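*Asks:* A predicted structure for the sequence below; I have some questions about it.
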Amino acid sequence: MALLLLATSAVAIPQLNTSNPTSFFTNVAMAMFRQMDLHDFNGDLVTVTNIPIYEDPVLNGGTNINYYTPAVHRILQMAANLFDATTNRFIGGGPTDYPTVFRPIFSSQNGVARIIGYKEVTDSSDAFLPMLYVYNFVKAGQPENSIINMYGVPWVIGAKKGFPNFNEFSMENPLTVLRKLTFTNSAATRPWTTNQVFGFAITNQFGLEVWNSYTNLYGRPLRVVATNEFSITVTNDDGTIFLNASNLSFGVDQTYPSWDGWSEQFTDSSFQVPLYASNVFTNGIYDGIPPFFYRISAPYWTSTFVPHFWMTLQFKLRFVLIDINANRVVDFVNISSTRPSVDISHLLNHNNPSTNYWVPDYTTDDGEWNTNQLSGTTLQMGILNQIEVSKGDRTSVWTDPQKTTLGAAFNHRLLNGGTSYFEAPYTPQRTIIQRISLQANDPLVHYTEADLLSTSGQMFNYNLVGVAPASGPPLSNLTNLNVTYQPWGGRHIPNGNPLNSAPTDLDIRVKDPGVQQSDDWNFPTGESLSFEWLGRVHRGTPWQTVFLKPSDQTLAQWLAWNNDNVLITNGNFVLSDAALSFPNNDWRFASLWARWLNTNDLSALFSINNSDTNAWAARLDGLTVLTNSAVGDCPGDSNGAREYRSCSRPGVSHSALSANRRCSGRNGALHRVAVSEHERYQQPFSESHSKRYY
């Protein structure tokens, strides 16, 4: 068993001054950034005073790398959490221990926008500073700008228990495409010029949910301010716009006198949806300023042309939660997302095999959207199928009760003329579903988009693009327990069975054992700087405190859990951002924490290679040691024992381990606590917390 002994009575060095929140936060974050060793496109260390967020491509011709990644945010989050372990912030005589809040300060120089520092937020006014677009901000040189917020750049809020928080944002954009066929000839007879005319309609719906994940009522008034600003555009390959809803903003400013606690049910009043909207957009341009709407004529082409359509979506989501009595911000979410372009034409041609032989298809929606061309011609098979269905004389997808009459009239005109213009009576339409859902797993982790996307593959039906019908109704999870919610035991009501199982349900490598809900956290608060509580500080990833346990977890397994798919350029090479938040590396921070808390030179401390058992006995006497041994490994243990008892080992005197061996719990250690050099700094969590590990 490998141990490293550190003096626990040492005094913290001055740079960790808990009387100055910004100084503490900055110094701790800078040291952790030096450990992480991430370098930007200029080779400079990414740190709390240098986080590039945008390059002007006109000035730099660069790759526009945003270095504010989930791993970078985690460093900042952990620095804030460490500080809040030392605070008790009861404001205005209230019972609530408020979190410390920091917001970024920005700079723009030489076409690069970056974060250059942080400022503590002590009231709610900073939440309503001007919101700027980074691509506009970067146009002018600004050595420092501390009076703005930037779309998509989070704040940092310390992890404190007891507050409602942002929990879910879901949006659905069903795009319905229809195609008419027109036949014209000024001579009112064959041959006809056949044109295809397209129509587009989007039914946009979205909702934002807030949840009090704690069972206690939040009894103080809260102000919710939330906005969603989005743009949806339908174009073709040459950029011609057929539908454009540009920068449309929807918002709410609402006060809740109190907030119900969670009753530990799948849905209840602890889930609230303060912001919800539904809108229909058709061929035209929609804007947020008068006259608000400009109609665009439906686009048309000859029947031999195959148009290529695309749909793009961008949204900017902002959420602020304010305790009114204390005038404190307790939650702040600021996400800007541009979704991958949707290839409409590809999806319209859904399920059609590539062939130049026409196989008539009148009974499925696929047949009318077949873009394959008939051998030796430029005729689309889908248009031929639409014409045949319009004749109304066969079983087909056309269900109009008047189809026989309408089809006969169409066929007569098609063959005999009599008019210079007519339309095919059957108009096929196909709906393409774009579904976006951002859901928190751990309610305390919801500040970047990666925090809110699929965890362990649970969100497949909630983030998709496909042909209707899609699985489940739109926005079906609002007011329900999140699909991503996976504390210890998986997605479940406390002490109940998992609602849907996942490989990580009981995986000690990615989440804290026994923490089945937010109430189970045992964060340190109001503590002096110490090793004793380091293992109880939230590390900024779902359901996990600072990880000082042994682990055989691979990076691929960690990526499957935390969903950080960002690839980042580190100097001259590309790496996975998930590698920078890998829990197995937390022991390195423990070494850093040791240097801060110890006034002695650590290299001069007692050597782990010392073979003198009496010297070891003197050093170990009184220390608590955790074990990965099952019940019965210690002489005299009885089944189910959960207590401290002495346990001698060869080569180490009995007194060295006296009354300090922690043996495992029920059923032969269902979840065992292991000891290794990676765990050497973790104090035994306090009795109430340690029981969660059994």
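*Replies:* Thanks, I have it. Predicted, not measured: the structure shown is a model, and the values here were computed from it.
*Asks:* So which helix or strand of the chain has the lowest pLDDT on average?
*Replies:* Least confident helix or strand, the chain: helix 666-669 with a mean of 30, by mean pLDDT, DSSP states H and E.
*Asks:* how is this structure carved up into domains?
*Replies:* As given by automatic domain parsing, the domain ranges for the chain are 165-348+430-435, 365-424, 606-693.
*Asks:* can you give me the end-to-end distance of the shortest one?
*Replies:* I take that to be domain 365-424. Criterion C-alpha to C-alpha, to the nearest Å; first-to-last residue distance in domain 365-424 is 16 Å.
*Asks:* just how off-centre is it within its chain?
*Replies:* In terms of C-alpha atoms, centre = their mean, to the nearest Å, the centre of domain 365-424 is set 47 Å apart from its chain centre.
*Asks:* Show me what the mean pLDDT comes to for it.
*Replies:* For domain 365-424, the mean pLDDT works out to 92.
*Asks:* What of the first one?
*Replies:* In this model, domain 165-348+430-435 has a mean pLDDT of 94.
*Asks:* try stretch 148-157
*Replies:* On average, stretch 148-157 scores 97.
*Asks:* going forward can the numbers begin at 447, since that is how I track them
*Replies:* From this message on, residue numbering opens at 447, which makes the last subject stretch 594-603.
*Asks:* How far off centre is that stretch?
*Replies:* On C-alpha atoms, centre = their mean, the centre of stretch 594-603 falls 15 Å from that of its chain.
*Asks:* Also stretch 750-764?
*Replies:* So, by C-alpha atoms, centre = their mean, the centroid of stretch 750-764 is 23 Å from its chain's centroid.
*Asks:* Got phi/psi on the spatially most central residue of the chain?
*Replies:* Residue closest to the average C-alpha location in the chain (C-alpha atoms, centre = their mean): Leu898, at 2.2 Å. Phi and psi for Leu898, reported as degrees, to the nearest 10, are phi -110, psi 10.
*Asks:* Also Pro745?
*Replies:* The phi/psi pair for Pro745 (degrees, to the nearest 10) is phi -70, psi 150.
*Asks:* Surely it and Gln642 touch.
*Replies:* No - checked against C-beta atoms under 8 Å, the pair Pro745 and Gln642 is beyond contact range at 9.2 Å. Where C-beta positions appear, they are placed from N, C-alpha and C, glycine not excepted.
*Asks:* Name the residue in those two with the higher neighbour count.
*Replies:* Gln642 (22 against 18; other C-beta atoms under 10 Å).
*Asks:* Direction included, what does whichever helix or strand the more buried one is part of pair against?
*Replies:* Using DSSP states H and E, Gln642 sits in strand 639-657. Strand pairing for strand 639-657, using DSSP bridges, gives strand 611-630 (antiparallel), strand 717-728 (antiparallel), strand 746-748 (antiparallel).
*Asks:* With distance to Thr515 added, can I get the domains of the chain in a markdown table?
*Replies:* Shown next, in a markdown table, are the domains of the chain (distance: least, C-beta to C-beta, whole Å):
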| stretch | distance to Thr515 |
| --- | --- |
| domain 611-794+876-881 | 14 |
| domain 811-870 | 40 |
| domain 1052-1139 | 25 |
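*Asks:* wait, what's in contact with Val776?
*Replies:* By C-beta atoms under 8 Å, 6 or more residues apart in numbering, the contact list for Val776 reads Tyr544, Pro545, Ile603, Phe609, Asn611, Leu668, Leu767, Ile768, Asp769.
*Asks:* swap in Tyr597?
*Replies:* Neighbour list for Tyr597: Met577, Leu578, Tyr579, Val580, Lys762, Arg764, Asn780, Ser782 [criterion: C-beta under 8 Å, 6+ apart].
*Asks:* And the helices in the stretch 547-696 of the chain?
*Replies:* Counting by DSSP state H, counting those that start in this stretch, the stretch 547-696 of the chain has helices at residues 580-583.
*Asks:* quick one, strands of it?
*Replies:* According to DSSP state E, counting those that start in this stretch, the stretch 547-696 of the chain carries its strands in the segments 547-555, 558-567, 577-578, 588-591, 595-596, 602-603, 611-630, 639-657, 668-682, 687-702.
*Asks:* among those, which is nearest Asn466?
*Replies:* strand 558-567 (9.2 Å; C-beta to C-beta).
*Asks:* how close does the closest residue in space to Gly730 that isn't next to it in sequence sit to Tyr732?
*Replies:* Nearest residue to Gly730 in three dimensions, chain neighbours excluded: Arg741, at 4.6 Å (C-beta to C-beta, 6 or more residues apart in numbering). Distance, Arg741 to Tyr732, by C-beta to C-beta, to the nearest Å: 10 Å.
*Asks:* quick one: which of these two has more around it?
*Replies:* Higher neighbour count among Arg741 and Tyr732: Tyr732, with 18 against 9, using other C-beta under 10 Å.
*Asks:* show me what contacts the closest residue in space to that one that isn't next to it in sequence?
*Replies:* Sequence neighbours aside, Ala691 is the residue nearest to Tyr732 in space, at 4.2 Å (criterion: C-beta to C-beta, 6+ apart). By C-beta under 8 Å, 6+ apart, the residues touching Ala691 are Ile648, Asn650, Phe676, Ser677, Ile678, Thr679, Asn725, Phe727, Tyr732.
*Asks:* mind running it again at 10 Å?
*Replies:* By C-beta atoms under 10 Å, 6 or more residues apart in numbering, the contact set of Ala691 is 619, 648, 650, 676-680, 725, 727, 730-734, 739, 759.
*Asks:* out of these, which are buried?
*Replies:* 619, 648, 650, 676-680, 727, 730-732, 759 (16 or more other C-beta atoms under 10 Å).
*Asks:* where exactly do the helices run in this protein?
*Replies:* Using DSSP state H, the helices found in the chain span residues 467-482, 503-506, 516-530, 580-583, 790-794, 811-814, 827-836, 849-862, 1001-1008, 1032-1043, 1059-1066, 1112-1115, 1133-1136.
*Asks:* ok, back up a step: biggest separation within the contacts of Tyr597, which pair?
*Replies:* Spatial extent of these (C-beta to C-beta) is set by the pair Val580 and Arg764 at 14.6 Å.
*Asks:* quick revisit: please report how far the residue nearest to Gly730 lies from Thr679.
*Replies:* Distance from Arg741 to Thr679, by C-beta to C-beta: 16 Å.
*Asks:* mind listing what's buried in stretch 667-677?
*Replies:* Those would be Leu668, Arg669, Val670, Val671, Ala672, Thr673, Asn674, Glu675, Phe676, Ser677, for stretch 667-677 by 16+ other C-beta under 10 Å.
*Asks:* What is the nearest of those to Thr817?
*Replies:* Ser677 (28.0 Å).
*Asks:* OK, contacts around that closest one?
*Replies:* Asn690, Ala691, Ser692, Asn693, Leu694, Tyr732, Thr758, Leu759, Gln760, Phe761, Lys762, Thr784.
*Asks:* Go through the residues you listed and name the one nearest Arg774.
*Replies:* Using C-beta to C-beta, these come closest to Arg774 at Lys762, 24.4 Å.
*Asks:* Correct me if wrong: the closest one contacts Phe676.
*Replies:* Yes - the criterion here is C-beta atoms under 10 Å, and Lys762 meets it with Phe676 at 7.3 Å.
*Asks:* returning to what we had before: among the strands of the stretch 547-696 of the chain, which is the most enclosed?
*Replies:* Highest mean neighbour count of the strands of the stretch 547-696 of the chain: strand 602-603, a mean of 26 (counted as mean count of other C-beta atoms under 10 Å).
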